[in-house]
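Participant: A predicted structure for the sequence below; I have some questions about it.
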Amino acid sequence: MRNRSAKILATVGPASSAPDTLRLLHDVGVDAFRLNFSHGSHEDHARSVTSIRQVEKETGNAITIVADMQGPKLRCGEFEKGEIGLRYGETVDIIRSDKKGKDGLICMPHPELMAAMEPGHTLKFDDGKLMVTITANDGKRMKARVDVPGILKNKKGINVIGAVLPMSAMTEKDRVDMAFALTQDVDYIALSFVQTAQDVIDAREIIGDKAQIIVKIEKPSAIEFLDDILEHADAAMVARGDLGVELPLETVPVVQRQIIRKARALGKPVIVATHMLESMIDAPTPTRAEASDVATAIYQGADAVMLSAETAVGRHPATAVAIMDRIIGAAESDPEFWKYFKQIDLPYEATPEDAISQSVRGIAETLNCKAVLGYTLTGSTVQRISRERPPCRIVCLTPRQSTASRLALSWGVMPIVMKDPVNFDDMLGSVQDVATTRVGLKPGDKIMISAGIPFGRPGTTNTLKISTIE
């Protein structure tokens with residue numbers, strides 16, 4: 001049982017894939033694990049899934065598994081000498097070719113670039129270390145002015161600024177990886193390189209209802225079409241690495257806050273990722289700025305914060321998790337933390353679920369309720385309660401392990417797998433038992449119970465009862 005509401009998503013890699021290490025990471029604070037399909041084999045990921053599900057079984061705690069797709073990677077071609085120098089202000093030619101480039105000539109294997117780039121658009125190379133601005137494009141050859149000079153080496157990555165590329169968010173590798181991940185019963189597929197809502201729609205045709213979709217917001221075009229993209233997705237990730245390259249650096253914090261607020265308004269989990277405790281890849285402690293960065297994401301209302309290389313290849317994976325856990329706990333213990341949520345007006349639908357979820361926060365504050373326990377098959381009502389950010393525990397009671405595992409990523413939710421009650425009296429007895437043995441509540445504590453009557457039917461939440469632990 002965690003003493004915090006926001007969740008920790010940790011990336012599995014060579015430093016953390018051993019079964020004992022995965023168990024340790026969960027014990028010190030990890031609620032969800034990310035499998036990065038940019039690295040590792042299917043066999044590696046299958047072993048990780050098996051180990052994580054074993055931890056889930058041993059501890060009785062639901063754990064979310066996220067399969068993160070690589071997405072299309074734009075890279076320049078090779079050079080005759082392995083590299084070229086780009087000098088400030090010079091003009092270079094860029095052509096579509098598999099041949100090797102040379103001084104003044106960059107070859108690329110991406111026809112999409114030639115089709116989309118217009119004068120004024122920019123290309124960044126090697127994670128933004130070099131930059132050129134397109135000055136002319138006749139469809140066969142582009143001319144570009146060097147604005148940020150440096151050495152460009154073979155096959156360095158390209159970021160496109162200012163253009164929507166006519167290419168899918170899914171490569172053939174992604175389709176193969178996605179099909180494999182679905183056989184492993186992962187909870188979420190994280191979709192890279194999302195530019196428009198159509199990318200999410202295309203992925204949904206493949207995934208169906210076998211997993212939910214996290215859209216990684218890492219392209220400027222995704223910000224432009226953010227509302228439509230979020231409508232079609234199940235969750236969002238603020239992928240600050242590529243955002244920091246493709247957007248002016250000073251706008252990334254603004255965009256982060258914007259994404260968090262919009263995702264929360266829709267009742268969809270939102271993750272803040274990349275460079276959270278980056279110095280802990282090597283160092284045993286983070287910088288003060290990194291600690292403040294994590295706390296800022298928590299104050300803004302993120303459902304989860306993510307560790308990438310810190311747990312995948314870092315020297316101190318468990319320590320990084322433990323420190324992130326402490327930072328979250330400190331932020332949430334600040335009385336000002338809860339005041340922020342009261343200032344945000346949420347949109348409501350004319351449904352019993354929204355009427356109940358809206359009431360939960362007010363009742364919790366008025367009666368000092370310690371928990372709301374929601375019976376659910378699909379988790380939809382519990383997710384709506386989670387977006388309210390009530391000052392009490394949110395306990396998801398579900399007969400479906402898949403629902404429990406998915407909701408382990410959602411803010412404040414403690415998922416517990418148990419059978420649906422047969423009647424109202426059975427429900428009250430079951431809640432009393434769970435509240436004392438699993439949630440740690442004491443006699444006299446007030447609680448709320450949400451349920452759909454008759455039991456066992458999805459989408460029928462219509463009851464909210466206030467009760468007291470005996």
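Facilitator: That came through, no problem. Residues are numbered from 1 along each chain as shown.

Participant: residue 81 and residue 6: what is the separation?
Facilitator: Note on residue 81: its distance to residue 6, by CB to CB, to the nearest Å, is 50 Å. To be clear about C-beta, it is placed using only N, CA and C from the backbone, and glycine gets the same treatment.

Participant: more neighbours, those two?
Facilitator: Higher neighbour count among residue 81 and residue 6: residue 6, with 24 against 13, using other CB atoms under 10 Å.

Participant: quick one: contacts for that one?
Facilitator: By CB atoms under 8 Å, 6 or more residues apart in numbering, residue 6 lies in contact with 298, 302, 303, 304, 305, 328, 332, 411.

Participant: run a quick neighbour tally on residue 30.
Facilitator: Neighbouring residues of residue 30 were enumerated by other CB under 10 Å; the total is 29.

Participant: where does the prediction get shaky in the stretch 351-470 of the chain?
Facilitator: 456, 459 (pLDDT under 70).

Participant: quick one, helices of it?
Facilitator: For the stretch 351-470 of the chain, helices defined by DSSP state H, counting those that start in this stretch occupy the ranges 352-367, 380-387, 401-407, 424-437.

Participant: deepest in the core, which of those helices is it.
Facilitator: helix 380-387 (a mean of 26; mean count of other CB atoms under 10 Å).

Participant: that one packs against which elements?
Facilitator: Other elements packing on helix 380-387 under the criterion 3 or more CB pairs under 8 Å, 6 or more residues apart in numbering; DSSP states H and E are helix 352-367, strand 371-375, strand 393-398, strand 413-417, strand 446-452.

Participant: recalculate using a threshold of 10 Å.
Facilitator: On a contact count with 3 or more CB pairs under 10 Å, 6 or more residues apart in numbering; DSSP states H and E, helix 380-387 meets helix 252-265, helix 352-367, strand 371-375, strand 393-398, helix 401-407, strand 413-417, strand 446-452, strand 461-468.

Participant: specify the angle between the second one and strand 393-398 in degrees.
Facilitator: This means helix 352-367. Angle between the axes of helix 352-367 and strand 393-398 is 140 degrees (criterion: axes from the mean of the first three to the mean of the last three CA atoms, to 10 degrees).

Participant: surely residue 230 is in contact with residue 200?
Facilitator: Yes - counting by CB atoms under 10 Å, residue 230 touches residue 200, with 9.1 Å between them.

Participant: joint contacts of those two?
Facilitator: Common neighbours of residue 230 and residue 200 (criterion: CB atoms under 10 Å, 6 or more residues apart in numbering): residue 215.

Participant: contacting residues for the residue found closest to residue 273 once you drop the neighbours it is linked to in the chain?
Facilitator: Nearest non-adjacent residue to residue 273, counting by CB to CB, 6 or more residues apart in numbering: residue 306, 3.9 Å away. By CB under 10 Å, 6+ apart, the residues touching residue 306 are 7-11, 32, 34, 66, 68, 237-240, 271-274, 276, 297, 324.

Participant: same thing with residue 246?
Facilitator: Residue 246 neighbours (CB under 10 Å, 6+ apart): 122, 124, 128, 159-162, 218-223, 252.

Participant: ok, now residue 17?
Facilitator: Residue 17 neighbours (CB under 10 Å, 6+ apart): 33, 35, 40, 44, 45, 47, 48, 51, 312.

Participant: swap in residue 405?
Facilitator: Taking CB under 10 Å, 6+ apart as the criterion, residue 405 is in contact with 32, 52-53, 56, 61-65, 185-188, 398, 415, 417.

Participant: pull out the buried members of the contacts of residue 306.
Facilitator: 7-11, 32, 34, 66, 68, 237-240, 271-274, 276, 297, 324 (16 or more other CB atoms under 10 Å).

Participant: restricted to helices, list those residues.
Facilitator: Using DSSP state H, 240, 297, 324 are the members of the buried ones among the contacts of residue 306 that sit in helices.

Participant: excluding its backbone neighbours, what's nearest the first one?
Facilitator: Sequence neighbours aside, residue 274 is the residue nearest to residue 240 in space, at 4.2 Å (criterion: CB to CB, 6+ apart).

Participant: got the contact list for the one you found?
Facilitator: Residues counted as contacts of residue 274 (CB under 10 Å, 6+ apart) are 216, 218, 237-244, 252, 306-309.

Participant: pull the longest helix from the protein.
Facilitator: helix 42-59.

Participant: please name every helix or strand in contact with that one.
Facilitator: strand 7-12, helix 19-28, strand 32-36, strand 64-68, helix 172-183, helix 401-407.

Participant: pipe those into TSV and attach distance to residue 347 per row.
Facilitator: What follows is the helices and strands packed on helix 42-59, written out as TSV (distance: least, CB to CB, whole Å):
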stretch	distance to residue 347
strand 7-12	24
helix 19-28	35
strand 32-36	27
strand 64-68	26
helix 172-183	32
helix 401-407	22
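
Participant: residue 141: which of these is closest?
Facilitator: helix 172-183 (28.3 Å; CB to CB).

Participant: alpha carbons of that closest one, as PDB, please.
Facilitator: Output of helix 172-183 as PDB, limited to C-alpha atoms (Å, rounded to 0.1, in the frame of the first residue of the first chain):
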ATOM      1  CA  GLU A 172       6.400  -2.600 -40.100                       C
ATOM      2  CA  LYS A 173       8.600  -3.300 -37.100                       C
ATOM      3  CA  ASP A 174       6.000  -1.600 -34.900                       C
ATOM      4  CA  ARG A 175       3.200  -3.800 -36.300                       C
ATOM      5  CA  VAL A 176       5.200  -6.900 -35.600                       C
ATOM      6  CA  ASP A 177       6.100  -5.700 -32.100                       C
ATOM      7  CA  MET A 178       2.600  -4.700 -31.400                       C
ATOM      8  CA  ALA A 179       1.200  -8.100 -32.500                       C
ATOM      9  CA  PHE A 180       3.700  -9.700 -30.200                       C
ATOM     10  CA  ALA A 181       3.000  -7.400 -27.200                       C
ATOM     11  CA  LEU A 182      -0.700  -8.200 -27.500                       C
ATOM     12  CA  THR A 183       0.000 -11.900 -27.200                       C
END
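
Participant: partner strands of the very next helix or strand once past that helix and their direction?
Facilitator: Using DSSP states H and E, the helix or strand that follows helix 172-183 in sequence is strand 188-191. When pairs are called by DSSP bridges, strand 188-191 turns out to pair with strand 64-68 (parallel), strand 212-217 (parallel).
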